[in-house]
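# dropping the sequence and predicted coords here.
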Amino acid sequence: MIAVLLHEVIRTLLVLPSVLLRSEATKDAELLVLRHENATLRRQLAGPVRYEPSARFWFAALPGLVAPPGSTTSSSPCT
């Protein structure tokens, strides 16, 4: 599990500069694609989703990266 978490941290650190240099339109398009993929995968699953501990770690950390505390914008989806 430590190796998986370490791999995710390194991969995220290597991808981070490309994410920060993208335009807002590109980020919005990627979010729409990811939401569509998520909805499609949820329809295909018969039971509840079971996440790995490393995935749970990132899900807990991401809201702080998307909308810092005290931000006036909401990070909720527009669906």
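Thanks, I have the structure now.
# C-alpha from now on. contacts and neighbour counts both.
OK.
# Pro17 - how many residues pack around it?
10 (other C-alpha atoms under 10 Å).
# same thing with the one 10 residues further on?
Applying other C-alpha under 10 Å, we find 13 residues neighbouring Lys27.
# can you check the one 5 residues further on too?
Burial measure for Leu32: 13 neighbouring residues, criterion other C-alpha under 10 Å.
# and it, what does it touch?
If you count contacts by C-alpha atoms under 8 Å, 6 or more residues apart in numbering, Leu32 has none.
# let's see the pLDDT reported for it.
Note for Leu32: predicted pLDDT of 88.
# and what of the one 5 residues further on?
With respect to pLDDT, Glu37 has a value of 88.
# using the three-state scheme, assign Arg50.
coil (DSSP: H, G, I helix; E, B strand; the rest coil).
# how far away is it from Phe59?
13 Å (C-alpha to C-alpha, to the nearest Å).
# more neighbours: those two, which one.
With neighbours defined as other C-alpha under 10 Å, Arg50 and Phe59 compare such that Phe59 has more, 12 against 8.
# look up how far Tyr51 lies from the more buried one.
From Phe59 over to Tyr51 the distance is 10 Å, taken as C-alpha to C-alpha.
# dump the longest helix belonging to the chain to CSV, restricted to CA.
Ranked by residue count and defined by DSSP state H, the top helix of the chain is helix 24-44. Below are the C-alpha coordinates for helix 24-44, written out as CSV (Å, rounded to 0.1, in the frame of the first residue of the first chain):
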residue,chain,number,x,y,z
GLU,A,24,-9.7,27.4,-18.2
ALA,A,25,-11.5,26.1,-21.3
THR,A,26,-9.3,23.0,-21.4
LYS,A,27,-9.9,22.4,-17.7
ASP,A,28,-13.6,22.7,-18.2
ALA,A,29,-13.6,20.3,-21.1
GLU,A,30,-11.6,17.7,-19.1
LEU,A,31,-14.0,18.0,-16.2
LEU,A,32,-17.0,17.4,-18.5
VAL,A,33,-15.3,14.3,-20.0
LEU,A,34,-14.4,13.0,-16.5
ARG,A,35,-18.0,13.5,-15.3
HIS,A,36,-19.4,11.7,-18.3
GLU,A,37,-17.0,8.8,-17.7
ASN,A,38,-17.9,8.7,-14.1
ALA,A,39,-21.6,8.6,-14.8
THR,A,40,-21.1,5.8,-17.4
LEU,A,41,-19.1,3.7,-15.0
ARG,A,42,-21.6,4.2,-12.2
ARG,A,43,-24.4,2.9,-14.5
GLN,A,44,-22.3,-0.2,-15.3
